[in-house]
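Enquirer: I'd like to go over a predicted model; first the sequence, then the structure.
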Amino acid sequence: MGRGWFITFEGGEGSGKTTQVRRLEEHLRGGGHEVVVTREPGGTAVAEAVRAVLLDPAQDPDPLTELFLLEAARRDHVERVIRPALERGAVVLCDRFADSSVVYQGLVGGVEAATVERLNRLATGGLEPDLTFVLDLPAEEGLARVGRRNGGGSGNRIDGHPLEFHRRVRDAFLELARRGGRRFRILPARQDEDRLFELLLDELPEELR
Ligand code: TYD
């Protein structure tokens, strides 16, 4: 099929996804692969504009409104960036993807699962990751990392939700990964980043190691 690899990174705030994405990018480039690094919400001009609205602490959309915004961004991102890259045979590393909507807007936000699934499918045209890493960390530790990164207070609107919200996010990702099938790998993120990266490499398909 000449299709590349689509690898997504999920987890709560401050779980270290971005660092691991960068390390994997470097590793794969060293192995001669074309690598596209991107994120959600984001990755195109339209989607980055949606991101700015979604994460603006001055706004207060409800979870279904968030979902519509996210899916508009996702559709643009898949059509303009992810699918063309996969068709070229690139490895696409995406910091969050449709599973984040299942967790944040669905399992935690209360939007019905069937609605999230339907909108995800519409936006992605059925595209699913080949592999999804869930970086797992107690919510308190993740938030503490975000706090240090932002020199104190919370960064964006969603980081700023109460601790209980972030605990539910963690549990929901674990639940999703456990029942979600073969593409999920849960990585214990509460350890140094070198060791974490070794664990991650062990989970890669042979041709990407
Ligand atoms: P970001 O700063 O990228 O968070 P992180 O560094 O933790 O990845 O902000 C993205 C936020 O958007 C994050 O709080 C999760 C939220 N989000 C959703 O609620 N639903 C989604 O489908 C996606 C992709 C993100």
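Expert: Right, received. Where do you want to start?

Enquirer: how about the helix or strand of the chain with the lowest mean pLDDT, does it reach the ligand?
Expert: Scoring the helices and strands of the chain by mean pLDDT, DSSP states H and E places helix 139-149 at the bottom, with a mean of 94. No - under the criterion of C-beta under 6 Å from any ligand atom, helix 139-149 makes no contact with the ligand; the nearest approach is 7.2 Å. C-beta: built from backbone N, CA, C; applies to glycine.

Enquirer: other SSEs contacting that helix?
Expert: In this structure, helix 139-149 packs against helix 163-179, with contacts taken as 3 or more C-beta pairs under 8 Å, 6 or more residues apart in numbering; DSSP states H and E.

Enquirer: the least confident helix or strand of the chain relative to helix 163-179, how many degrees between them?
Expert: Here the directions of helix 139-149 and helix 163-179 differ by 120 degrees (axes from the mean of the first three to the mean of the last three C-alpha atoms, to 10 degrees).

Enquirer: what comes up buried for helix 139-149?
Expert: Judged by neighbour count using 16 or more other C-beta atoms under 10 Å, the buried positions of helix 139-149 are 139, 142, 143, 145, 146, 147.

Enquirer: before we move on, what about stretch 88-103?
Expert: For stretch 88-103, the buried set under the neighbour-count rule, 16+ other C-beta under 10 Å, comprises 90-103.

Enquirer: may I see those residues organised as CSV, with distance to residue 65 and pLDDT added?
Expert: Output for the buried residues of stretch 88-103, formatted as CSV (distance: C-beta to C-beta, whole Å; pLDDT from 0 to 100):
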residue, distance to residue 65, pLDDT
90, 33, 98
91, 33, 98
92, 28, 98
93, 29, 98
94, 23, 98
95, 23, 98
96, 18, 98
97, 20, 98
98, 17, 98
99, 20, 98
100, 16, 98
101, 13, 98
102, 17, 98
103, 17, 98
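
Enquirer: so for residue 1, what's the pLDDT?
Expert: Looking at residue 1, its pLDDT reads 46.

Enquirer: export the buried residues of stretch 88-103 to JSON lines and tack on secondary structure and distance to residue 73?
Expert: As requested, the buried residues of stretch 88-103 are arranged in JSON lines below (DSSP: H, G, I helix; E, B strand; the rest coil; distance: C-beta to C-beta, whole Å):
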{"residue": "90", "secondary structure": "coil", "distance to residue 73": "21"}
{"residue": "91", "secondary structure": "strand", "distance to residue 73": "22"}
{"residue": "92", "secondary structure": "strand", "distance to residue 73": "16"}
{"residue": "93", "secondary structure": "strand", "distance to residue 73": "18"}
{"residue": "94", "secondary structure": "strand", "distance to residue 73": "12"}
{"residue": "95", "secondary structure": "strand", "distance to residue 73": "14"}
{"residue": "96", "secondary structure": "coil", "distance to residue 73": "11"}
{"residue": "97", "secondary structure": "coil", "distance to residue 73": "11"}
{"residue": "98", "secondary structure": "helix", "distance to residue 73": "11"}
{"residue": "99", "secondary structure": "helix", "distance to residue 73": "15"}
{"residue": "100", "secondary structure": "helix", "distance to residue 73": "12"}
{"residue": "101", "secondary structure": "helix", "distance to residue 73": "10"}
{"residue": "102", "secondary structure": "helix", "distance to residue 73": "16"}
{"residue": "103", "secondary structure": "helix", "distance to residue 73": "17"}
